[in-house]
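A.B. asks: Test case, fold it:
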Amino acid sequence: MRSIPPITAHLNMSSIRRHWRAGLVVIAGLLVVILATAPWNGSSASRPTAGGPAGAAGKPVAAAPHATKAKAPVNPTKKINTHVVLRSPGRTNVHWPSVGEAAVSVIGVGAVGNHYGYKKVPTASIAKAMTAYVILKHHPLKGNAQGPTLTVTHAEAAAFPHQVAIAESVVPVRSGERITERQALQALMLASAGNVAHILARWDAGSVHAFLKKMNATAKQLGMTRTHYTDPSGYDKHTVSTAIDQMKLANKAMYLPGFRQIVGQKTAVIPVAGRIKNTNKLLREHGVTGIKTGSMSAAGGCLLFSAKTTVGGHTVSIAGTVLGQRSSAIGDLNQAFVSSHNILASLRPALKPVMIVHKGQVVMHVPGTKSTLVATANGTVPGWGGMAVPSAVTATVSPSAANGAHVGTLTVGSYVHVPLALHK
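C.D. replies: All right, here's what the predicted structure looks like:
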């Protein structure tokens, strides 16, 4: 065998010694990493103790207890704010018009019914009812107060001849004329003055454009989802609405004393024009209290109407609308009067006291529980056969509430507030 030269052998042994030591360093490093990252196996013997392998007393330190997850409260307090529909047996036949659209309601109770009431059509001058409503919401009139004074501008007076020429319903005005809010609203709602609608709009909002934003925002707030105003007078055929939407407006507007007072007037005296008459001929009929006429070729005859009647010894109010009335024999507006009269004549005798909820009746189930809310008294409203009235339920049901405890109220329109008890 060939021997390794001494110098070569020395070099190889030195290389081995160097690599062997480096290998030990690498192996030791790997062991440290493994020991540091290895999980404890869960036995008390292998867990670390205070001060090293043993605690101060030579005993392992007790493991910290596991965190207890918070339990959700059982049957948390429920705040209920919802609606239920109450119904009465029977049926009411309303004399609907043969053409056009219509809707009628009992104010403070609910809608009686409608005839094509969701159809969107031009409104003509009944749009002025929204103009008056917006004005009176921002500038209420109390008692016989005249309200603030408006001044007619030169431009508004100069527009009068053109408005007459295009057959818009107007009253004469003069530049610099001073007119009170009440007088302006009388001109608007009695004489159906379209030019005064624009004057009121400018006075209230600074411009007609800004006022239209108010009108459409108010319509949205009232749930008039198929209504859009493009002018404050209704002369523009693109101002459209539905019979149901206008009925909603009437239900709200007739709660305003100033509105209710003005639309029920047959005559009034205003500056320049002098004595004006209400265009609503239905006011001559007993019990009719308003509201606004409208008529033009695109819209036909229209009437937003209200009337009072007696039910069970109590006075109640009716509100409704007819749109798109047509008659070559008596004229479109007269046809609107006839159609409205027929609706009222058929509805008045059908109204009666109706026990819409009786004592002990289950009104609703409490969500997420087996409990119910039960009426603790009878609830009677001025109603009609076949009525279906959305009624408000408000209640607070806590886990500690006793069986039979009074926890809420059932409100039917603006007439009845029935206490509700919890039945478990």
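
A.B. asks: C-alpha from now on. contacts and neighbour counts both.
C.D. replies: Will do.

A.B. asks: quick one: contacts for Gly360?
C.D. replies: Each residue near Gly360 by Cα atoms under 8 Å, 6 or more residues apart in numbering is listed here: 374-377.

A.B. asks: Let's see the pLDDT reported for it.
C.D. replies: pLDDT recorded at Gly360 is 97.

A.B. asks: The closest residue in space to Arg87 that isn't next to it in sequence and Leu420, how far apart?
C.D. replies: Distances taken as Cα to Cα, 6 or more residues apart in numbering put Ala388 closest to Arg87, at 4.4 Å, once the chain neighbours are dropped. Using Cα to Cα, to the nearest Å, we find Ala388 at a distance of 20 Å from Leu420.

A.B. asks: rewinding a little: please indicate which of the contacts of Gly360 are buried?
C.D. replies: Neighbour counting by 16 or more other Cα atoms under 10 Å classes 374-376 among the contacts of Gly360 as buried.

A.B. asks: what about the stretch 1-150 of the chain, any weak spots by pLDDT?
C.D. replies: Of all residues in the stretch 1-150 of the chain, those with pLDDT under 70 make up the ranges 1-75.

A.B. asks: swap the cut-off to 50 and go again
C.D. replies: Regions of the stretch 1-150 of the chain meeting the criterion pLDDT under 50 cover residues 1-17, 32-35, 37-65.

A.B. asks: how is the chain carved up into domains?
C.D. replies: Using automatic domain parsing, the domain ranges for the chain come out as 1-37, 78-84+355-423, 92-344.

A.B. asks: looking at those, which is buried most?
C.D. replies: Highest mean neighbour count of the domains of the chain: domain 92-344, a mean of 20 (counted as mean count of other Cα atoms under 10 Å).

A.B. asks: Give me the distance between that one and the centre of its chain.
C.D. replies: 22 Å (Cα atoms, centre = their mean, to the nearest Å).

A.B. asks: Between the two ends of that domain, how far is it?
C.D. replies: End-to-end for domain 92-344, by Cα to Cα: 13 Å.

A.B. asks: Repeat that for stretch 78-97.
C.D. replies: So stretch 78-97: terminal residues 47 Å apart, Cα to Cα.

A.B. asks: again with stretch 407-421
C.D. replies: 6 Å.

A.B. asks: how about the strands in the stretch 301-424 of the chain?
C.D. replies: Per DSSP state E, counting those that start in this stretch, the stretch 301-424 of the chain carries strands over the ranges 314-325, 352-357, 362-365, 372-375, 379-383, 388-397, 406-412, 416-423.

A.B. asks: got it, and the stretch 1-150 of the chain?
C.D. replies: Using DSSP E, counting those that start in this stretch, strands in the stretch 1-150 of the chain cover 78-87, 101-106, 110-115, 121-122, 149-151.

A.B. asks: any chance of those strands in JSON lines, plus distance to Leu304?
C.D. replies: Shown next, in JSON lines, are the strands of the stretch 1-150 of the chain (distance: least, Cα to Cα, whole Å):
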{"stretch": "strand 78-87", "distance to Leu304": "27"}
{"stretch": "strand 101-106", "distance to Leu304": "10"}
{"stretch": "strand 110-115", "distance to Leu304": "14"}
{"stretch": "strand 121-122", "distance to Leu304": "13"}
{"stretch": "strand 149-151", "distance to Leu304": "27"}
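
A.B. asks: Can you say which of the ones you listed is nearest to Gln335?
C.D. replies: Closest of the strands of the stretch 1-150 of the chain to Gln335 is strand 101-106, at 12.5 Å (criterion: Cα to Cα).

A.B. asks: helices and strands around the closest one, which ones?
C.D. replies: strand 110-115, helix 243-253, strand 314-325 (3 or more Cα pairs under 8 Å, 6 or more residues apart in numbering; DSSP states H and E).

A.B. asks: State the distance from Ala102 to Gly117.
C.D. replies: 6 Å.

A.B. asks: now swap in Gln183 and tell me
C.D. replies: 33 Å.

A.B. asks: just to revisit the earlier point, which pair in the contacts of Gly360 spans the largest distance?
C.D. replies: It's Val374 and Ala377 that sit farthest apart of the contacts of Gly360, by Cα to Cα, at 9.2 Å.

A.B. asks: Quickly list what's touching both of those two.
C.D. replies: Counting by Cα under 8 Å, 6+ apart, the contacts common to Val374 and Ala377 are 359-360.

A.B. asks: got the CA positions of stretch 191-202 in CSV?
C.D. replies: Presented in CSV, the C-alpha positions along stretch 191-202 are these (Å, rounded to 0.1, in the frame of the first residue of the first chain):
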residue,chain,number,x,y,z
ALA,A,191,-109.1,81.1,-6.6
SER,A,192,-106.4,78.6,-7.7
ALA,A,193,-104.0,81.3,-8.5
GLY,A,194,-101.0,79.8,-10.3
ASN,A,195,-99.0,83.1,-10.2
VAL,A,196,-99.4,83.2,-6.4
ALA,A,197,-98.0,79.7,-6.2
HIS,A,198,-94.8,81.0,-7.8
ILE,A,199,-94.7,84.0,-5.5
LEU,A,200,-95.1,81.9,-2.4
ALA,A,201,-92.4,79.5,-3.6
ARG,A,202,-89.9,82.3,-4.2
